[in-house]
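S.K.: have a look; sequence and predicted model below, questions after that.
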Amino acid sequence: MSSVSMEHYLAAMKAGKKDMQAKSVSEETDLLPALDSILENVEIRGEVPLGLIDIPLERVVGTKTRGRMNSFAPNFMPILDDTSEFAFKWINLCDAHLREGIRDPIIAYEYLNKYYVLEGNKRVSVLKYFDATSIPAYVTRIIPAWKDTKEIRIYYEFLDFYNETSINYLEVTKEENYRKLRRLTGHRQNERWSADDQIDFRSCYYRFSEVFEELGGNKLPCTAADAMISYMYVFGYPSMKDETPAGLKKNLKKVWEEIAIDQSDEKPEEKTDLKLDPTPDSKKNLLTQIFTGAAGSSKQVKIAFIHVKSTETSSWTYAHELGRMHLDDAFHGQILTTAYENNATAEDAARAIEQAIAEGNTIIFTTSPVFLSASIKAAVDHPDVKILNCSLNTAHKYIRTYYARMFEAKLLNGVLAGIMTDTNKIGYIADYPITSMAANINAFAIGVKMVNPQARIYLEWSTLKENHGVDLTEKLYNMGATYISHLDMIVPQHATRRFGLYRVNGETPVNLALPILDWGKYYERIIRNILHGTWNTDGKTEKAVSYFWGMSSGIVDVEWSPAIPSETRNLLETLKRAIMRYDFKPFNGVLHSQDGTIQPNPNSQMSLTDIINIDWLADNVIGFIPTADDLMPEIETQNMVRQEGIRKEDKTV
């Protein structure tokens, strides 16, 4: 027994007693946890032998039996007197470790992604003292029975992640983070990671976690793995794998506040300042406009629009281009706008954004949710540039997001369809199963049910593999649907009457109502906010800012056909005015989904955050929400669903 090992034991014992004292002061238990005690009132689903594996020592938190509880402090340091037999054995193990290293496996149990030692507690203690990272162990996993609690939900996500990756050294504190991690590393659900995948990720994770701890990550309400997910979303996993510690540190500092917001326990609505209507101009700003002109400066402001497709191939791009051209007219001579089209991927968008900034654009609209990560990274790298992304369901302080409450217009169309149908079968053609789409479908269905409880909505998706090349209007008509809700905008080069709500009878469709989203008015008001100073007023809070304007702002409307009976038109206009005044809200009261009651209280009011994240279909809808695997393999479709997918298993973030 060497004097050096004795000194190590005395130092370890001192650390153990210090830990016990700290735990007592903070009113925490000063005993090493024993799994047998933890499991006394726990229902177990089963045990699974994992064989011989390396386990991270930082995840070894206790002993299996109660017998060893009084030999160690909670940090696994020894606390028994240095003259005890226990101390003698610990010191001998220390000698062996210093000579040749501890190689013998321990026996341990894993429960809720933590490890409890049955045999080898002193080996764990010695290695923890020397800051070793892992130890070989024969492990048995104890799986708790399913309970609908946050802890169990996260653990079951971990089990899926472990089966795919064999990674056991991560801890996350938020639901969905294991799934996000899988997606951000470029893997699909149930895809096994190769040995190279595991090695690359381990290296990346430990480099990141060291930098994270160095910057004070223990002060944030998240783990290193949680923070890594937020980091990867901005900077990407491929570049992260090649990044030096110095580069990681530089980038991490840039997004530190973003990580704190993203990984906090706050609900989404608490993280985001959701603006339901434009901020009115103050009297001071109005006077400024009178004396200095609308722009307040003679310098021309350059504004860029980044699009996924072109006006020739996309109705969505065409609609935003109409908005851009409206800006040119509304601010003639004060601004200069430029469109950057055909950016199919986030990488394309990143290049387009950098080009736009290099060409002097100080305001950039990225018009697709696919561009969200590229937008955030650009905003982090260029804090003087105002970047806005057309998306929902996001809380990112460095950019602003914008979208429209189209479900208000869809409800009115549903009311009209429910009144006019002569077969009680109504068609609805959707494109991407992304955020807000289910809200639009369900608002339409609620509108139908308000006036015609017997009618049913037959839902079809234009992006389904099985619908490739299928005439969905004809398909729905053959099913008996004579009224169909379709796209709200058309591509000029592909003129068609199949838009909005239309009637079909085997001949030319007759259009009855068209939901309108006036991007021109939307963009004009945002630019006025910037030029007149209310932009800074909107962003005074520490929260992310998201614009979610609707009928009350004049951004969303419905254009009616003269063919609609005047009595029906009066009803629709009355309901429209009630929506504009917030006197009527589509998702108030009792709500029923295909699977049962969603909202049983007639006085309940679904929050806008819950509406945005609806992942169910109303009980009068015949159809389903497809997964990413059900959809066509086009890059835009898959990227869109990964970014804004309704189904949790499809989403990256």
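M.R.: Received, thanks.

S.K.: looking at the protein, which strand is longest?
M.R.: strand 44-56 (DSSP state E).

S.K.: the bottom helix or strand of the chain by mean pLDDT?
M.R.: Using mean pLDDT, DSSP states H and E, the weakest-scoring helix or strand in the chain turns out to be helix 283-292, at a mean of 48.

S.K.: what packs against the longest strand of the chain?
M.R.: strand 106-111, strand 134-144 (3 or more C-beta pairs under 8 Å, 6 or more residues apart in numbering; DSSP states H and E). Every C-beta, even on glycine, is put in place using the N, C-alpha and C of the backbone.

S.K.: cutoff 6 Å now
M.R.: Judged by 3 or more C-beta pairs under 6 Å, 6 or more residues apart in numbering; DSSP states H and E, the packing partners of strand 44-56 are strand 134-144.

S.K.: what's the offset of the strand it packs on from the middle of its chain?
M.R.: 32 Å (C-alpha atoms, centre = their mean, to the nearest Å).

S.K.: now swap in stretch 356-369 and tell me
M.R.: 23 Å.

S.K.: which parts of it are buried?
M.R.: Judged by neighbour count using 16 or more other C-beta atoms under 10 Å, the buried positions of stretch 356-369 are 356-357, 361-369.

S.K.: return the set of buried residues in stretch 235-247.
M.R.: For stretch 235-247, by 16+ other C-beta under 10 Å, it's 235-237, 240, 243.

S.K.: inside helices: which ones of those residues?
M.R.: Using DSSP state H, the subset of the buried residues of stretch 235-247 located in helices is 235, 237, 240.

S.K.: ok so, going back, okay, the longest strand of the chain in PDB with CA atoms only?
M.R.: Below are the C-alpha coordinates for strand 44-56, written out as PDB (Å, rounded to 0.1, in the frame of the first residue of the first chain):
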ATOM      1  CA  ILE A  44     -41.500  -2.700 -13.800                       C
ATOM      2  CA  ARG A  45     -42.300  -3.800 -17.400                       C
ATOM      3  CA  GLY A  46     -39.300  -6.000 -17.700                       C
ATOM      4  CA  GLU A  47     -35.500  -6.500 -17.600                       C
ATOM      5  CA  VAL A  48     -33.200  -6.600 -20.600                       C
ATOM      6  CA  PRO A  49     -29.600  -7.800 -20.400                       C
ATOM      7  CA  LEU A  50     -27.400  -5.500 -22.500                       C
ATOM      8  CA  GLY A  51     -24.200  -7.600 -22.200                       C
ATOM      9  CA  LEU A  52     -20.700  -6.100 -21.800                       C
ATOM     10  CA  ILE A  53     -20.700  -2.400 -22.700                       C
ATOM     11  CA  ASP A  54     -18.800   0.800 -21.800                       C
ATOM     12  CA  ILE A  55     -20.900   3.000 -19.600                       C
ATOM     13  CA  PRO A  56     -20.200   6.700 -18.900                       C
END
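
S.K.: any idea of the angle that strand forms with strand 106-111?
M.R.: Comparing the axes of strand 44-56 and strand 106-111 via axes from the mean of the first three to the mean of the last three C-alpha atoms, to 10 degrees yields an angle of 130 degrees.

S.K.: and residue 639, what element?
M.R.: Of the helices and strands defined by DSSP states H and E, residue 639 is found in helix 635-644.

S.K.: what's in contact with that helix?
M.R.: Here helix 635-644 makes contact (C-beta atoms under 6 Å, 6 or more residues apart in numbering) with 308, 344, 369-370, 432, 434-435, 463, 628, 631, 650, 652.

S.K.: stretch 251-261 now?
M.R.: 211, 220, 227, 230, 234-235, 271, 380, 397.

S.K.: and if we set it to 8 Å?
M.R.: With contact meaning C-beta atoms under 8 Å, 6 or more residues apart in numbering, stretch 251-261 is reached by 208, 211-212, 215, 220-222, 226-227, 230-231, 234-235, 243, 271, 376, 380-381, 395-398, 542-544.

S.K.: buried set for it?
M.R.: 251-252, 254-256, 258-261.

S.K.: what about these, which are in helices?
M.R.: Those of these lying in helices (DSSP H): 251-252, 254, 256, 258-261.

S.K.: quick one: the strands in the stretch 451-600 of the chain?
M.R.: Shown for the stretch 451-600 of the chain, the strands assigned by DSSP state E, counting those that start in this stretch span residues 456-461, 483-485, 501-503, 510-517, 544-549, 556-560, 591-593, 596-599.

S.K.: can you list the buried residues in the fifth one?
M.R.: When you say that, I think you mean strand 544-549. By neighbour count on 16+ other C-beta under 10 Å, the buried set for strand 544-549 is 544-549.

S.K.: tell me which of the residues you listed is nearest to residue 455?
M.R.: residue 548 (29.3 Å; C-beta to C-beta).

S.K.: for residue 520, see how far away the closest one is.
M.R.: 18 Å (C-beta to C-beta, to the nearest Å).

S.K.: repeat that for residue 146.
M.R.: 51 Å.

S.K.: between the two, which one's more packed in?
M.R.: residue 520 (20 against 12; other C-beta atoms under 10 Å).

S.K.: thinking again about what came up before, closest to residue 425 out of the buried residues of strand 544-549?
M.R.: The closest of these, once distances to residue 425 are taken by C-beta to C-beta, is residue 548, at 32.7 Å.

S.K.: surely residue 440 forms part of a strand?
M.R.: No: per DSSP: H, G, I helix; E, B strand; the rest coil, residue 440 lies outside any strand segment and is helix.

S.K.: what sits against residue 436?
M.R.: With C-beta under 8 Å, 6+ apart, residue 436 has these contacts: 392, 403, 406-407, 612.

S.K.: could you do residue 530 as well?
M.R.: Going by C-beta under 8 Å, 6+ apart, residue 530 touches 363, 386.

S.K.: mind pulling up the pLDDT for it?
M.R.: pLDDT for residue 530: 91.

S.K.: would you convert the contacts of residue 436 into CSV that also reports distance to residue 103 and neighbour count?
M.R.: Formatted as CSV, the contacts of residue 436 follow (distance: C-beta to C-beta, whole Å; neighbours: other C-beta atoms under 10 Å):
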residue, distance to residue 103, neighbour count
392, 54, 24
403, 58, 22
406, 64, 21
407, 63, 28
612, 54, 22
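
S.K.: cross these against strands and list the overlap.
M.R.: Counting by DSSP E, the contacts of residue 436 contribute residue 403 to strands.

S.K.: any chance of TSV for the contacts of residue 436, columns pLDDT?
M.R.: Formatted as TSV, the contacts of residue 436 follow (pLDDT from 0 to 100):
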residue	pLDDT
392	82
403	94
406	95
407	97
612	89
